[in-house]
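*Asks:* Compute the structure for the input listed below.
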Amino acid sequence: MDTKELKALIENVLAEMNVSGAAPNAEENVKEAEAAPAQVPSSGHAEEEPVLEDGCLEDITAIDVKKQYLVKNPRDREGFYELKQFAPCRLGIGKAGARYKTLPQLMFRAAHSAAQDAVFSDVDQDFVDGLDLFTVQSRCNSKDEYLTRPDLGRRLNEESVKIIKEKCNDHPTVQIFVSDGLSSAAVAANTEDVLPGLLQGLRSNGIKVGTPFFLKYGRVGAMDEVSELTGAEVTCVLIGERPGLITATSMSAYLAYKGTIGMPEARRTVVSNIHSEGTIPAEAGAHIAEIIKIMLEKKASGTDLKL
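*Replies:* Next comes the predicted model:
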């Protein structure tokens, strides 16, 4: 409906109401109608407008899901809130009819986007260099090949085999390396805290550590070939885990005692959920070092190791 039609409609309505002198003011009424914001019903179903601070919207990824409770008129708010503290799950987020509310839906999409970014992005080489790690690569030549050919991610390319033989110590007690895995974000978020603590914990116990390095496009199984190449008693890989909708920065440490290519997965020991809301990165390094010490004492790993 254009301005002329709206003006004519107002004139007709006012004429039917026998309001005198309405026609001259019809144009002003049209302008007011166009300029006036839409009125939100007082039923409370409409959500509040986002608050702008310094020209920016609130960062929805900074909202603590454990503290978010959007159910109206709950029967037991305190009880449900206490339940939410056990895990950052999307519970008690309310509904708008049969659908999610706008804020939880946006938070879900933001988490999904972060997970995709973690998988498809690469670890910044400057970050790797800052950790004083040299870089090798699996047999994958691209991220797409890495995602579609897990078998190639478990083996090193020929050049990487030569580099490891040249730069790594022979027969170290423990060989550590870092790999991007399925989350480059996990490597960037946790390695600076985990790796120093791990190295310090091992050296304080008098355990000989080989030269650490970074493996690009690596899978967990690549540790088996690294173990054979270096002759290490224990091999440890700090690797980015597949991101989920709770966190995209989860890292795990996989450990194996005298690993060999093709060995069963049951021979691996894992410390998982290393991130700010899980196993604290600064504490994880010391914890992994303690497990490695036990592995060396009992000469076992995986299901054979009784902690």
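*Asks:* Okay, now stretch 132-144: how far is its last residue from its first?
*Replies:* One end of stretch 132-144 to the other measures 27 Å (C-alpha to C-alpha, to the nearest Å).
*Asks:* which outside residues touch that stretch?
*Replies:* With contact meaning C-beta atoms under 8 Å, 6 or more residues apart in numbering, stretch 132-144 is reached by 120, 122, 125, 128, 146, 149, 152-157, 159-160, 163-164, 167, 178, 211-219, 222. All C-beta atoms are positioned from the backbone trio N, CA, C, and that covers glycine.
*Asks:* Just the buried subset of the residues you listed, please.
*Replies:* 128, 146, 149, 152-157, 160, 163-164, 178, 211-219, 222 (16 or more other C-beta atoms under 10 Å).
*Asks:* Can you list which of those residues are found in helices?
*Replies:* Applying DSSP state H to those, the entries found in helices are 128, 146, 152-153, 160, 163-164, 222.
*Asks:* quick one: the nearest residue to residue 101 once chain neighbours are set aside from residue 75, how far?
*Replies:* Closest residue to residue 101 apart from its sequence neighbours, by C-beta to C-beta, 6 or more residues apart in numbering: residue 94 at 5.3 Å. Applying C-beta to C-beta, to the nearest Å, the value for residue 94 to residue 75 is 14 Å.
*Asks:* what's around residue 207, how many residues?
*Replies:* By other C-beta atoms under 10 Å, the residues close to residue 207 number 18.
*Asks:* and it, that's in a strand?
*Replies:* No. Per DSSP: H, G, I helix; E, B strand; the rest coil, residue 207 lies outside any strand segment and is coil.
*Asks:* Around residue 58, how many other residues sit close by?
*Replies:* Counted with other C-beta under 10 Å, residue 58 comes out at 12.
*Asks:* now swap in residue 83 and tell me
*Replies:* 13.
*Asks:* Same check on residue 147?
*Replies:* 14.
*Asks:* wait, what's in contact with it?
*Replies:* residue 119.
*Asks:* Do you know the pLDDT at it?
*Replies:* Here, the pLDDT recorded for residue 147 equals 95.
*Asks:* for residue 26, same thing?
*Replies:* On pLDDT, residue 26 comes in at 46.
*Asks:* what does residue 204 give?
*Replies:* For residue 204, pLDDT reads 94.
*Asks:* before we move on, back to that, may I ask which two of the ones in helices among the buried ones among the contacts of stretch 132-144 are separated the most?
*Replies:* Greatest spatial distance in these: 128 and 152, 20.8 Å, computed using C-beta to C-beta.
*Asks:* buried set for the helix or strand harbouring residue 200?
*Replies:* Under the criterion of DSSP states H and E, residue 200 resides in helix 184-204. The neighbour-count check on helix 184-204 (16+ other C-beta under 10 Å) flags 184-191, 193-195, 197-199, 201-202 as buried.
*Asks:* hang on, the earlier thing: which single one of the ones in helices among the buried ones among the contacts of stretch 132-144 is nearest to residue 112?
*Replies:* Nearest to residue 112 among those, with distances taken as C-beta to C-beta, is residue 146, at 20.5 Å.
*Asks:* which stretches of the stretch 201-307 of the chain form strands?
*Replies:* 213-216, 234-240, 251-257, 268-274 (DSSP state E, counting those that start in this stretch).
*Asks:* Out of those, which is closest to residue 80?
*Replies:* If we rank the strands of the stretch 201-307 of the chain by C-beta to C-beta, the stretch that ends up nearest is strand 268-274, at 24.2 Å.
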